[in-house]
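Enquirer: Pasted the sequence and its predicted model underneath.
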There are 2 protein chains.
Amino acid sequence: MSDKKVLLDYGSGGKASQRLISELFKAHFSNPVLNRLDDAAFLDIAGPIAMSTDTFTVDPIFFPGGDIGSLAVHGTVNDVAMLGARPRFLSCAYLIEEGLEFEVLERIVASMARAAEKAGVYIVTGDTKVVPRGMADKIFINTTGVGTMLTDAYPSGENARPGDVVLVSGTMGDHGLTILAQREGLPLETKVESDSAALNHLTEKLVTEVGDIHVLRDPTRGGLATTLNEIAQSSSVGIQLEEELIPVNDGVRSGCSILGLDPLYLANEGKFLCILPEDKVEKALEVMRADENGHGACRVGTVSAENAGKVIMRTPLGGKRLLNMLEGEQLPRIC
Amino acid sequence: MSDKKVLLDYGSGGKASQRLISELFKAHFSNPVLNRLDDAAFLDIAGPIAMSTDTFTVDPIFFPGGDIGSLAVHGTVNDVAMLGARPRFLSCAYLIEEGLEFEVLERIVASMARAAEKAGVYIVTGDTKVVPRGMADKIFINTTGVGTMLTDAYPSGENARPGDVVLVSGTMGDHGLTILAQREGLPLETKVESDSAALNHLTEKLVTEVGDIHVLRDPTRGGLATTLNEIAQSSSVGIQLEEELIPVNDGVRSGCSILGLDPLYLANEGKFLCILPEDKVEKALEVMRADENGHGACRVGTVSAENAGKVIMRTPLGGKRLLNMLEGEQLPRIC
């Protein structure tokens, strides 16, 4: 396509839409399911399945460690994976502001194709809407994913049990701080970059090789603190965290202290937490640390019957404080 | 919720998001799958499945015959149905401009709940993003649907065969003209309203009771002319239409003639076309006409080996003209 800008008629359903599909989307996403181009995709998948959806509005659309395209693949792949499923197929719906540079769209599509290939998923059906200038900001992407369940006893936020251990797969807050620093042009002493990554290969190993995983969650918007609060409420348990055990990159720590932010409330896009019985911890950490997305895996806390619905942080000096769910909005358009 | 406006923190992932989910979405959409509120929904569905996605940006968001919420349900339900599947589950992702009246969101959510109930689908997982004022226009909704296949020999745009007959389920162009008239404040002599409706109950009867349905498609953006062109190309056949047989409401016909529009290029949201062998036509028309969404069903054309890839219109006077795919964009934000 030689056009320089995305025009309204790319979303018309007519000739320009058809060209966009055949010259851009089919070229990058080509697979036997997508290529039929019916109103719906036929998926030869056995049930039961997991399904998840997310719309990505991140600003800026390109950032250190990723872009809105790779993020849109990772985010939904991860949500499906967190149910103990193997993500298989994604739908992809673009909402584009008239006038977006075509080259920008193409970079995003190429990035999605690479991310999907690495995650092992097909993009099978899609939609493109173009709205007049000023009616959207550059590009928003919705992805919806389906996957096959890997276990009957699938992990759920309802399944944390007293005596369980809380693990995280690595450092907290990298994505959130990166987006904020990038958007606001903050000079940081230490380089930070988004952790955006697909976690499904690692979570599949946990579910199939370790087993008995009670909870898997990726702490995106609202960060680790908010996600743990949701779990504490859903499972009616208390969660105790050890502040000194929670891994945070130096760049994120110093950026947060300058800005007055808490990394535990910042979004992550390539990390997850895992809650499981004590006797599975050693094996789980071994599996996690052997994976490129789990090198920094460690134990950060425990689950108790007391303080049901609450998350309590123990400080290095032995103090305790209540860690609440995120109030208000720290950072709009973080993902 | 007593707030009057949708605020940025409704999309934060924190406390306000949680309230929105429990007080609005769970209240309206409540079902056992959604209510677990994990990152992904667990769907007890047997494969293979059909999957389709669409983002709805219609402007205005309320219009005669529907609103963006009911449209978002109908559009995706219909796309899944057109593959000869029974739509079962929808995801629903809202993209909201900060400051939208909460009452507007609630009306839309209630409308989606009613439309989903009538179509027999569950809304099982969702996402809400709120972007700052001016970064989107009021509200956009993505729905993605999955359904179970009703037949191995599923209808596809590739399956039209010479000798087949083309049926439509009713009048053409109602949705497109309604949106245009509403948006531009056009005074029309005859009342028009959107045909927005879920077609899945009717298409299921066609697939299971009539059988041998080669193609099912809902002619949305680009209208009947564009959809038939896609089919002619995918199936490498010619399609002949009889102009006088194509049903168009009086209001749409007169509105189109004033505006210089062709109803065959206008979007429909509650109509479909069906291509099937001659010996199935009588039974199919009987089934369609007995359904509330097929009263106006009729035969409009035939499929031939000649003129492969083309759609030819025969006029009442015996002339012939080539009916091209939509060029350019007649109406942005029609759905």
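Expert: That came through, no problem.

Enquirer: hey, where'd the strands end up in chain A?
Expert: For chain A, the strands defined by DSSP state E occupy A:41-43, A:49-56, A:62-63, A:66-67, A:85-97, A:122-131, A:139-149, A:165-168, A:215-217, A:238-242, A:273-276, A:298-304, A:311-314, A:320-322.

Enquirer: Save those as JSON lines, and put in mean neighbour count and distance to B:Ile213 too.
Expert: Any C-beta I mention is one placed from the backbone N, CA and C, and that applies to glycine too. JSON lines is the format used below for the strands of chain A (neighbours: other CB atoms under 10 Å in any protein chain shown; distance: least, CB to CB, whole Å):
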{"stretch": "strand A:41-43", "mean neighbour count": "23", "distance to B:Ile213": "15"}
{"stretch": "strand A:49-56", "mean neighbour count": "29", "distance to B:Ile213": "26"}
{"stretch": "strand A:62-63", "mean neighbour count": "18", "distance to B:Ile213": "46"}
{"stretch": "strand A:66-67", "mean neighbour count": "24", "distance to B:Ile213": "42"}
{"stretch": "strand A:85-97", "mean neighbour count": "26", "distance to B:Ile213": "24"}
{"stretch": "strand A:122-131", "mean neighbour count": "25", "distance to B:Ile213": "20"}
{"stretch": "strand A:139-149", "mean neighbour count": "28", "distance to B:Ile213": "25"}
{"stretch": "strand A:165-168", "mean neighbour count": "24", "distance to B:Ile213": "52"}
{"stretch": "strand A:215-217", "mean neighbour count": "25", "distance to B:Ile213": "42"}
{"stretch": "strand A:238-242", "mean neighbour count": "21", "distance to B:Ile213": "54"}
{"stretch": "strand A:273-276", "mean neighbour count": "26", "distance to B:Ile213": "47"}
{"stretch": "strand A:298-304", "mean neighbour count": "20", "distance to B:Ile213": "54"}
{"stretch": "strand A:311-314", "mean neighbour count": "20", "distance to B:Ile213": "55"}
{"stretch": "strand A:320-322", "mean neighbour count": "11", "distance to B:Ile213": "60"}
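
Enquirer: could I get those as CSV with mean pLDDT?
Expert: Converted to CSV, these look like this (pLDDT from 0 to 100):
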stretch, mean pLDDT
strand A:41-43, 94
strand A:49-56, 97
strand A:62-63, 98
strand A:66-67, 98
strand A:85-97, 97
strand A:122-131, 96
strand A:139-149, 97
strand A:165-168, 98
strand A:215-217, 97
strand A:238-242, 98
strand A:273-276, 98
strand A:298-304, 98
strand A:311-314, 97
strand A:320-322, 96
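
Enquirer: Among those strands, which comes closest to B:Arg333?
Expert: For B:Arg333, the closest of those is strand A:122-131, at 6.1 Å, according to CB to CB.

Enquirer: hey, C-alpha coordinates of the closest one in CSV?
Expert: Extracted in CSV, the C-alpha atoms of strand A:122-131 (Å, rounded to 0.1, in the frame of the first residue of the first chain):
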residue,chain,number,x,y,z
TYR,A,122,-3.0,-17.4,15.7
ILE,A,123,-4.8,-14.1,15.0
VAL,A,124,-7.9,-15.5,13.4
THR,A,125,-10.5,-12.8,12.9
GLY,A,126,-10.6,-9.1,13.1
ASP,A,127,-12.3,-5.8,12.5
THR,A,128,-11.1,-2.3,11.5
LYS,A,129,-13.0,0.9,12.2
VAL,A,130,-11.7,4.3,11.2
VAL,A,131,-13.3,7.3,13.0
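
Enquirer: so that strand versus strand A:139-149, what angle?
Expert: 150 degrees (axes from the mean of the first three to the mean of the last three CA atoms, to 10 degrees).

Enquirer: Any idea which residue of the stretch 151-300 of chain A lies closest to chain B?
Expert: Here the residue of the stretch 151-300 of chain A nearest chain B is A:Arg221; by CB to the nearest CB that distance is 2.8 Å.

Enquirer: OK, contacts around the closest residue to that residue other than its chain neighbours?
Expert: Spatial nearest neighbour of A:Arg221, chain neighbours left out: B:Gly13 (2.8 Å); criterion: CB to CB, 6 or more residues apart in numbering or on different chains. Residues in contact with B:Gly13 (CB atoms under 8 Å, 6 or more residues apart in numbering or on different chains) are A:220-222, A:226, A:267, A:326.

Enquirer: pLDDT score assigned to B:Gly13?
Expert: Turning to B:Gly13, the model gives it a pLDDT of 84.

Enquirer: any idea how far B:Glu193 is from it?
Expert: Distance from B:Gly13 to B:Glu193, counting by CB to CB, to the nearest Å: 39 Å.

Enquirer: ok, now A:Ser169?
Expert: 53 Å.

Enquirer: which of the two has more neighbours?
Expert: The neighbour comparison of A:Ser169 against B:Glu193 (other CB atoms under 10 Å in any protein chain shown) goes to A:Ser169, with 30 against 17.

Enquirer: close enough to count as contact, that one and A:Glu269?
Expert: No. Using CB atoms under 8 Å, A:Ser169 is not in contact with A:Glu269; the gap is 11.9 Å.

Enquirer: what residues are up against the most centrally placed residue in chain A?
Expert: The centroid of chain A falls nearest to A:Gly75 when counting by CA atoms, centre = their mean (3.1 Å). Residues in contact with A:Gly75, defined by CB under 8 Å, 6+ apart, are A:54, A:56, A:143, A:220, A:269, A:335.

Enquirer: domain ranges for chain A?
Expert: With domains defined by the TED database, chain A comprises A:5-149, A:164-323.

Enquirer: and the least confident helix or strand in chain A by mean pLDDT, how far from the chain's centre?
Expert: Counting by mean pLDDT, DSSP states H and E, chain A has its least confident helix or strand at helix A:15-20, which shows a mean of 89. Averaging C-alpha positions (CA atoms, centre = their mean, to the nearest Å) puts helix A:15-20 31 Å from its chain's average.

Enquirer: likewise stretch A:175-187?
Expert: Computed by CA atoms, centre = their mean, the chain-centroid distance of stretch A:175-187 equals 18 Å.

Enquirer: Using PDB, write out every CA atom in it.
Expert: The C-alpha coordinates for stretch A:175-187 follow below in PDB (Å, rounded to 0.1, in the frame of the first residue of the first chain):
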ATOM      1  CA  HIS A 175       5.700  -1.300  32.700                       C
ATOM      2  CA  GLY A 176       3.900   1.400  34.600                       C
ATOM      3  CA  LEU A 177       6.900   3.500  35.400                       C
ATOM      4  CA  THR A 178       8.200   3.200  31.800                       C
ATOM      5  CA  ILE A 179       5.000   4.500  30.300                       C
ATOM      6  CA  LEU A 180       4.800   7.300  32.800                       C
ATOM      7  CA  ALA A 181       8.400   8.300  32.300                       C
ATOM      8  CA  GLN A 182       8.000   8.100  28.500                       C
ATOM      9  CA  ARG A 183       4.800  10.100  28.400                       C
ATOM     10  CA  GLU A 184       5.900  12.800  30.700                       C
ATOM     11  CA  GLY A 185       9.500  13.000  29.300                       C
ATOM     12  CA  LEU A 186      11.000  12.300  32.700                       C
ATOM     13  CA  PRO A 187      14.700  12.000  32.800                       C
END
